[in-house]
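> Next comes the sequence, and after it the predicted model I'd like to discuss.
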Amino acid sequence: MSGIKIDGQTFSVKLTTEPIGGEDGERSFIGQSDEATNTIVIDGTMPESRQEEVLLHEIVHLAVSGLPEGLVRDLSVGMYGALRENGLLIEGMIALVSDGDVTPEDMARLNKESNKQAEKPVMMGMFRVSEQSWDAPAFNEGGGLTVVEPSGAVNRMAAHLAAAQLQGARGGVTMAAGRKRMIARQLAGIYRDTLKEPLPKALVEMGR
């Protein structure tokens, strides 16, 4: 098995140890789809499970075009957690679909395009922030986050409450370790991309 078929097209999956879309050695992307050459490039310095998660993120981007970045992130993280929890992922998937390393020439061109994208405003699936009070639980009965108001805005107080509960406040939350890690990553994304707040150190550790 080599490459990924999406809507009748085969995309090569390649790894890189070079920064994607970064200048001065910084990594602004950890995965990137290049539709000009039907290539998906993944940061090969990450743990294999994280590479697989990023690959799923890029597959969602390509399969359903036009989705906001934040929604793609939430969908891919949720799908990856559910697939792994139910044993539906192929063991060593990234090794099976990888077509080797990206060439320096391809990387230079990809970085040029990625830097252009990085300059554009990012449209998030959940981009508005509400400062209203929050009296409801931060998690539903299934363990999912409930930090978004009916209007679609992320409630800052709810996000703070969810982060605190993951760290043990208010009796903490009971869930499988894998799901807790997935939720921590979702919350980290909300802190970083929506709330524009520093990530709590404990949240970062839980998401690893």
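Good, I have the coordinates. Numbers count the residues shown, from 1 in each chain.
> Output the below-cut-off pLDDT ranges for the chain.
For the chain, applying pLDDT under 70 flags the ranges 1-2, 23-26, 28, 66-70, 117-127, 142, 150-152.
> Would you mind finding the longest strand in it?
strand 9-16 (DSSP state E).
> Strand partners (parallel or antiparallel) of that strand?
Partners of strand 9-16 in the sheet, by DSSP bridges, are strand 4-6 (antiparallel), strand 39-43 (parallel), strand 98-101 (parallel).
> what does the first one rub up against?
The reference is to strand 4-6. Outside strand 4-6, the residues within contact range by CB atoms under 8 Å, 6 or more residues apart in numbering are 10, 11, 13, 40, 55, 59, 62, 63, 97. Every residue, glycine included, has its C-beta placed from N, CA and C.
> Which residues belonging to the longest strand of the chain are considered buried?
For strand 9-16, the neighbour count (16 or more other CB atoms under 10 Å) marks 11, 12, 13, 14, 15, 16 as buried.
> From these, pick the one nearest residue 90.
Distance to residue 90 across the buried residues of strand 9-16 (CB to CB) is lowest for residue 13, with 13.1 Å.
> Could you measure from that closest one over to residue 32?
Per CB to CB, to the nearest Å, residue 13 is found 11 Å from residue 32.
> Mutual contacts of these two, please.
Taking CB under 8 Å, 6+ apart as the criterion, residue 13 and residue 32 both touch residue 40.
> Break the chain down into its structural domains.
Using automatic domain parsing, the domain ranges for the chain come out as 4-119, 129-206.
> ok, now which ones touch the residue nearest to the spatial centre of the chain?
Centroid-nearest residue in the chain: residue 73, 4.2 Å away (criterion: CA atoms, centre = their mean). Residue 73 sits next to 57, 125, 186, 189, 193 when contact means CB under 8 Å, 6+ apart.
> Tell me the most packed of the residues you listed, by neighbour count.
Counting neighbours by other CB atoms under 10 Å, residue 57 comes out on top of the contacts of residue 73 with 22 neighbours.
> looking at it, that one is touching residue 79, isn't it?
No. Taking contacts as CB atoms under 8 Å, residue 57 lies outside contact range of residue 79: 9.4 Å.
> Please, which helix or strand holds the closest residue to residue 167 other than its chain neighbours?
Spatial nearest neighbour of residue 167, excluding adjacent residues (CB to CB, 6 or more residues apart in numbering): residue 202 at 4.9 Å. Using DSSP states H and E, residue 202 maps to helix 201-206.
> Would you tell me which one of the strands paired with strand 9-16 is buried the most?
A comparison of these by mean neighbour count, using mean count of other CB atoms under 10 Å, puts strand 39-43 on top with a mean of 24.
> just how off-centre is that one within its chain?
Between the mean C-alpha location of strand 39-43 and the chain-wide mean there is a distance of 14 Å, by CA atoms, centre = their mean, to the nearest Å.
> ok, residues contacting that strand?
If you take CB under 8 Å, 6+ apart as the criterion, strand 39-43 is touched by 4, 11-16, 20, 27, 29-34, 51, 54-55, 58-59, 62, 94, 102, 106-107, 110.
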